[in-house]
Each structure stands twice: as C-alpha cells, then as structure tokens.
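A.B. asks: Need a 3D model of the following:
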Amino acid sequence: AEAGLAATASQAAPRLRQPLEPAMHILFALREKGREMTAASASALESYLRRMGDVTRVRLPFPDFSSHVRAMARADVVVATHGGFEANLMWMRRGTCFVELRGAYSHEAYGWFSRHANHFGVQLHSVTISNLTLHWQPSYVLSDSEIHGLLQFLQGQLHREYATHSIHYETH
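C.D. replies: Got it, this is the predicted structure:
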C-alpha cells in the first residue's frame, strides 16, 4: 500500500485550481508520537495539497505558543489527526476549515470538537481513516481513496470560498 501511495503521489495529477487564483493557505500538522501518519502517506498527501495551495507542514507540538497561534490564524484549512490539537481551532478565522483525520474505531462523528468549531465559526470536516483502528495506534496509512476523498472536499471548499468570498486571501 505504501509503494502505491508513493507512486500515486509522483504521477502527474490534474491541476486543482486556476493559475490566477490566490493560494489557499493549508496547515498540515503531523504528530510526533502516537497516531502518526506514515512518512509515505504524509508525502503523498502533502504532494497533492501543494497542488491546491501554499502548504506549511509542522510537527506537533509547536515549538512555542506565538508561532502556534500565528500558524492557526493564517490557515484557510488545517489538516490534522483527530485529538487534543483540535481545541486550537479557536485561533482560526471564521469561515475557515479544520479537517480531522479520524480513526475508524470512533463512532462519535464530531462530538465536542463539532460544538467547539461551531462556536468559533470554523467548519469541521471529518475523514475516517480505515487503517486507524485503535485510539493509541502508533502509526497509520492513508489509502488512495481516503486521499482522493479529502482532495475532493478541499476542491469544493476552494470553489465555495471563491464564490462566496467568505475567506480573505493574501496576495503575494
């Protein structure tokens, strides 16, 4: 499965946005310990995310609080594994999106984080990862279909935000 991800990521993919659109700012947060995405999965997903916008890849925990808040506030989209880090969506701007990569072991679709996101005006989108079957599983692999589903969702977000202008993009 890992070899398939690496090969898939290196193949030419269709362009996911128009060249003149400003870049979507995507924060790709990876855990250091526990429920960590494998290197091949992270590389494959990051490769596709870079076709959609400006990606900042960080390892959790952040080195300091101020860089943490700045990164969250700048992001149009945050992609991270489900967990306590989601509480930090309070630093995101209204109208932005937090994508949680959630384990197949969990039956609660959103719970507390959904209420938290609604309170702060952040859209919470959950992607269930079939290979993540235990809460304290050390690592997991993303399938091609899970990556494809996540990218389709983000593509819709990109078009929706440009149509409604609810996110203010910085120009370079």
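
A.B. asks: ranges for the strands of this structure?
C.D. replies: 24-31, 36-37, 53-60, 77-81, 97-103, 123-129, 139-140 (DSSP state E).

A.B. asks: got the angle for the fourth one vs strand 24-31?
C.D. replies: Just to be clear, that refers to strand 77-81. If you take axes from the mean of the first three to the mean of the last three C-alpha atoms, to 10 degrees, strand 77-81 sits at 20 degrees to strand 24-31.

A.B. asks: next one: the third one
C.D. replies: Strand 53-60 runs at 20 degrees relative to strand 24-31, counting by the same axes, to 10 degrees.

A.B. asks: same deal with the fifth one?
C.D. replies: Orientation of strand 97-103 against strand 24-31 (the same axes, to 10 degrees) gives an angle of 30 degrees.

A.B. asks: So the closest residue to Leu124 other than its chain neighbours versus Tyr140, what's the distance?
C.D. replies: Counting by C-beta to C-beta, 6 or more residues apart in numbering, Leu124 lies nearest to Ala117, which is 3.9 Å off, once chain neighbours are set aside. Heads up, the C-betas are built off the backbone N, CA and C, glycines and all. The gap separating Ala117 from Tyr140 is 23 Å, by C-beta to C-beta, to the nearest Å.

A.B. asks: Val127 too?
C.D. replies: 12 Å.

A.B. asks: hey, what's the spatially most central residue of the chain bridged with?
C.D. replies: Nearest residue to the geometric centre of the chain (C-alpha atoms, centre = their mean): Val79, 1.5 Å. Beta-bridge pairing of Val79 under DSSP bridges involves Phe28, Val99.

A.B. asks: Could I get the contacting residues of it?
C.D. replies: 26-29, 45, 49, 99, 101, 150 (C-beta atoms under 8 Å, 6 or more residues apart in numbering).

A.B. asks: of all these, which comes closest to Val58?
C.D. replies: Ala29 (5.4 Å; C-beta to C-beta).

A.B. asks: Can you read off the pLDDT for Pro138?
C.D. replies: pLDDT recorded at Pro138 is 85.

A.B. asks: what about it, neighbour count?
C.D. replies: Number of residues near Pro138 (other C-beta atoms under 10 Å) recorded here: 9.

A.B. asks: And Tyr105, by the same measure?
C.D. replies: 12.

A.B. asks: What of Arg94?
C.D. replies: That count, for Arg94 with other C-beta under 10 Å as the rule, works out to 10.

A.B. asks: Let me see the contact set for it.
C.D. replies: Neighbours of Arg94 in contact, by C-beta under 8 Å, 6+ apart: 120-122.
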